[in-house]
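Novice: compute the structure for the input listed below.
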Amino acid sequence: SSKPQQPDDEPAPQQPTLDDTAAEEEPKNDRQNHAETQEPVNTETSKPTRYRSKKREPRYDAAGVVVDVDAAYLVNGSGPVDPPDAETFADLMEWAISLNLGVQHDGPRKTKDGQPTGARDDAGLIVVMPRLARKLGAPTKAPRRDKPIAHNHKSIKALVEAGWTVGERGLQPYTQVWRTDDRGRGGRAHFLVFPHWSDEPIFEDVRDAAQVSYRLSLYVGTLGHQLVYTASSTGAGLVRQLRATTSKPLTTKVTEVPPPGSTKEAQPIEDAEWDYWRELTDAEREQCTHVVGIDINASYLSAAAGAILGHGEPQHHDHPDLAALGDLRKRPGYWLIEPTDEAMPHPLMPDLLDPHGTGRVDKPVWITTPRLLALQEAGLTPAPREAWIYPSPGTHLQVWSNALRDAIYELKEYAALGEADDEDADKVLTELKLTYAAGLGQLASSQWRRDTPLWLPHWNQTVKGQAQVLIWRKAVKTGEATGAWHD
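Specialist: Next comes the predicted model:
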């Protein structure tokens, strides 16, 4: 089938920038690969791929292709295809674009005032296994952060001479490649992917092209989105992609954040993870026979679904009157809380203003709205000295959280029904969990996201605060149910 043209309302591909749905990231280390020792695979006995999708992709025939010297598998579970007789990366690209690769996403590409919404189809993946990469002239070792594979490398030269444009940093674990026509109009981009250079869990301990295709099919088949660059970059990009399907896409570029965490007289934002412990009481040693475990990582996904987040320019308030502000749940932001002599209702409870258990809250602390609400739930009467409150409150990450939650549940269901290999399902499950955990973290990354619509540190901090409050509430309820908070 012929390569589909890029829609008129979608900008021509450029070298990857921070405005794209995923920022190009560099490898985290100099991880060595096993390309020199990898043995040819008997493709007749390789595990077949299986794939389920919640919707058809009429624009594309497969999300990608995994290709080796003597084998190739589409990322859609349809099985093997004839591998190309490629001598250069240019040969490989010509073969791959005939396969019609990509993942379709509907939704408006621009807002009414002409701003890009972030909605676009996912580029097709061309996953190159180690033996083929070596045959086509790619280096055996993964590129280092400080020594990228330059455009004058022979493997890239062949692409450029054939009319292809390669991303600014040359060959990386994920390398964007596209072709520009005589009129300067860009064609649809693809990604060259080198799994043996990547640190992503989904590529760990893979044996052959069939297994890589199988895992990628599970990932894109359950989530409905391509894994691009890293889990963190995919998770952050997914925020904007899914927001683009709503009435309020993310288009505003945030250039500054309010001062919480940076003023000298206040402690940093205290919505950090709990790092709390205490000695057991004598009564607990004598009477308690069980310990209740709480999954901290799982709390982030549920927190993201329910957290009330704001968007836009925050308003500053001196000595805000909490009663006059009305429903504080709809007042997302930062609150500067003075040290207080008020204690938690029971001495065994974790202190909401001291998540690290230091016992030394002697300066004002910045907290987010979820922790302020929890202080009120605990019977305390916080009187903030100042606040920064965001407009447009809403559960802006609910669609994102639900998509990742559903993908995880669906994958677990496949495994329970015997429709997914346990080893491979575990790797994909780890990748999906990393997609939301690291994706949330990247919203606060000034290195990758500053000056883009995805630089949202207040979303990251509010979700973290919500997650820690959820954990605290579970601990409180457990104590109430067991009588631990009663004398």
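Novice: report the contact partners of residue 330.
Specialist: 308, 393 (Cβ atoms under 8 Å, 6 or more residues apart in numbering). Placement of C-beta: from N, CA and C, glycine included.
Novice: let me redo that: residue 273
Specialist: 296, 355, 464, 468.
Novice: do the same with residue 485
Specialist: 345, 346, 348, 349, 476, 479.
Novice: ok, now with 6 Å
Specialist: 346, 479 (Cβ atoms under 6 Å, 6 or more residues apart in numbering).
Novice: okay, and which of the contacts of residue 273 map to strands?
Specialist: Counting by DSSP state E, none of the members of the contacts of residue 273 fall within strands.
Novice: can you select the buried ones from the residues you listed in ChimeraX?
Specialist: Here is the ChimeraX command that selects the buried residues among the contacts of residue 273 (16 or more other Cβ atoms under 10 Å):
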select :355,464,468
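Novice: for residue 337, what are phi and psi?
Specialist: phi -100, psi 130 (degrees, to the nearest 10).
Novice: count the residues that sit near it.
Specialist: Around residue 337 there are 25 other residues, counting by other Cβ atoms under 10 Å.
Novice: one more: residue 345?
Specialist: Neighbour number of residue 345 under other Cβ under 10 Å is 14.
Novice: farthest pair within the contacts of residue 273?
Specialist: Spatial extent of the contacts of residue 273 (Cβ to Cβ) is set by the pair 296 and 355 at 12.0 Å.
Novice: distance of residue 478 relative to residue 341?
Specialist: Residue 478 sits 27 Å away from residue 341, going by Cβ to Cβ, to the nearest Å.
Novice: neighbour count winner among these two?
Specialist: In this view residue 478 and residue 341 are compared by other Cβ under 10 Å, and residue 478 has more residues nearby, 13 against 4.
Novice: what pairs with residue 386 across the strands?
Specialist: For residue 386, the beta-bridge partners are residue 318, residue 336 (DSSP bridges).
Novice: correct me, but it touches residue 336?
Specialist: Yes. With contact defined as Cβ atoms under 6 Å, residue 386 and residue 336 form a contacting pair (4.8 Å).
Novice: just checking, what packs against the lengthiest helix in the chain?
Specialist: Ordering each helix of the chain by length in residues (DSSP state H) puts helix 457-482 first. Helix 457-482 is packed against helix 296-306, strand 365-368, helix 369-377, with contacts defined by 3 or more Cβ pairs under 6 Å, 6 or more residues apart in numbering; DSSP states H and E.
Novice: now with 8 Å?
Specialist: Using 3 or more Cβ pairs under 8 Å, 6 or more residues apart in numbering; DSSP states H and E, the elements in contact with helix 457-482 are helix 296-306, strand 365-368, helix 369-377, helix 422-442.
Novice: just name the most buried of the ones you listed.
Specialist: strand 365-368 (a mean of 25; mean count of other Cβ atoms under 10 Å).
Novice: what mean pLDDT does that strand get?
Specialist: Average pLDDT, strand 365-368: 90.
Novice: counting by contacts, list what that strand packs against.
Specialist: Checked by 3+ Cβ pairs under 8 Å, 6+ apart, strand 365-368 has strand 333-337, helix 457-482 packed alongside it.
Novice: rewinding a little: name the residues contacting each of residue 296 and residue 355.
Specialist: 273, 274.
Novice: excluding covalently adjacent residues, which one is nearest to residue 346?
Specialist: Nearest residue to residue 346, sequence neighbours excluded (Cβ to Cβ, 6 or more residues apart in numbering): residue 485, at 4.2 Å.
Novice: ok, residue 299 next?
Specialist: residue 467 is the one closest to residue 299 (Cβ to Cβ, 6+ apart), at 4.3 Å.
Novice: quick one: residue 370 and residue 462 touch, right?
Specialist: Yes. At 6.6 Å, residue 370 counts as touching residue 462 under the criterion of Cβ atoms under 8 Å.
Novice: low-confidence ranges in the stretch 201-350 of the chain?
Specialist: Residues of the stretch 201-350 of the chain meeting the criterion pLDDT under 70: 244-257, 259, 261-272.
Novice: show me where it has its helices.
Specialist: 209-223, 231-243, 282-287, 296-306 (DSSP state H, counting those that start in this stretch).
Novice: OK, contacts around the residue nearest to residue 299?
Specialist: 296, 299, 300, 302, 303.
Novice: ok, now with 6 Å
Specialist: Contacts of residue 467 by Cβ under 6 Å, 6+ apart are 299, 300, 303.
Novice: how far away is the residue nearest to the second one when sequence neighbours are not counted from residue 354?
Specialist: The spatial neighbour of residue 300 that comes closest, neighbours along the chain excluded (Cβ to Cβ, 6+ apart), is residue 467 at 4.9 Å. Spatial separation of residue 467 from residue 354 under the definition Cβ to Cβ is 17 Å.
Novice: list the buried ones in the helix or strand encompassing residue 96?
Specialist: Assigned by DSSP states H and E, residue 96 belongs to helix 89-97. Residues of helix 89-97 classed as buried by neighbour count (16+ other Cβ under 10 Å): 89, 90, 92, 93, 95, 96, 97.
Novice: now those in TSV, with pLDDT and distance to residue 240?
Specialist: Shown next, in TSV, are the buried residues of helix 89-97 (pLDDT from 0 to 100; distance: Cβ to Cβ, whole Å):
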residue	pLDDT	distance to residue 240
89	94	30
90	93	32
92	96	30
93	95	28
95	95	32
96	94	27
97	91	26
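Novice: what's the closest of these to residue 83?
Specialist: Nearest to residue 83 among those, with distances taken as Cβ to Cβ, is residue 95, at 8.7 Å.
Novice: how about the closest residue in space to that closest one that isn't next to it in sequence, phi and psi?
Specialist: Leaving aside its sequence neighbours, residue 95 sits nearest to residue 84 (Cβ to Cβ, 6+ apart; 3.8 Å). Backbone torsions of residue 84, given as degrees, to the nearest 10, read phi -80, psi 160.
Novice: for residue 84, give its distance to residue 75.
Specialist: With Cβ to Cβ as the criterion, residue 84 and residue 75 are 16 Å apart.
Novice: what of residue 475?
Specialist: 43 Å.
Novice: who has more neighbours, those two?
Specialist: Neighbours were counted for residue 475 and for residue 75 using other Cβ under 10 Å; residue 75 has more, 28 against 19.
Novice: touching, the more buried one and residue 60? I think so.
Specialist: No. Contact criterion Cβ under 6 Å: residue 75 and residue 60 do not qualify, at 10.4 Å.
Novice: strands of this structure, residue ranges please.
Specialist: 64-67, 72-74, 80-81, 102-103, 122-128, 164-166, 174-179, 190-193, 315-318, 333-337, 365-368, 386-389.
Novice: from these, which stretch is densest packed?
Specialist: strand 64-67 (a mean of 29).
Novice: that one pairs with which strands, parallel or anti?
Specialist: Strand 64-67 is paired, per DSSP bridges, with strand 72-74 (antiparallel), strand 122-128 (parallel).
Novice: give me the low-pLDDT residue ranges for the stretch 51-200 of the chain?
Specialist: For the stretch 51-200 of the chain (pLDDT under 70), the answer is 51-58, 107-119, 145-146, 181-187.
Novice: show me where it has its helices.
Specialist: 89-97, 130-135, 154-161.
Novice: reformat the ones you listed as a markdown table; add distance to residue 406.
Specialist: Below are those laid out as a markdown table (distance: least, Cβ to Cβ, whole Å):
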| stretch | distance to residue 406 |
| --- | --- |
| helix 89-97 | 30 |
| helix 130-135 | 34 |
| helix 154-161 | 38 |
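Novice: of those helices, which is nearest residue 124?
Specialist: Taking Cβ to Cβ, helix 89-97 is the member of those nearest to residue 124, at 7.3 Å.
Novice: I am finished for the moment; much appreciated.
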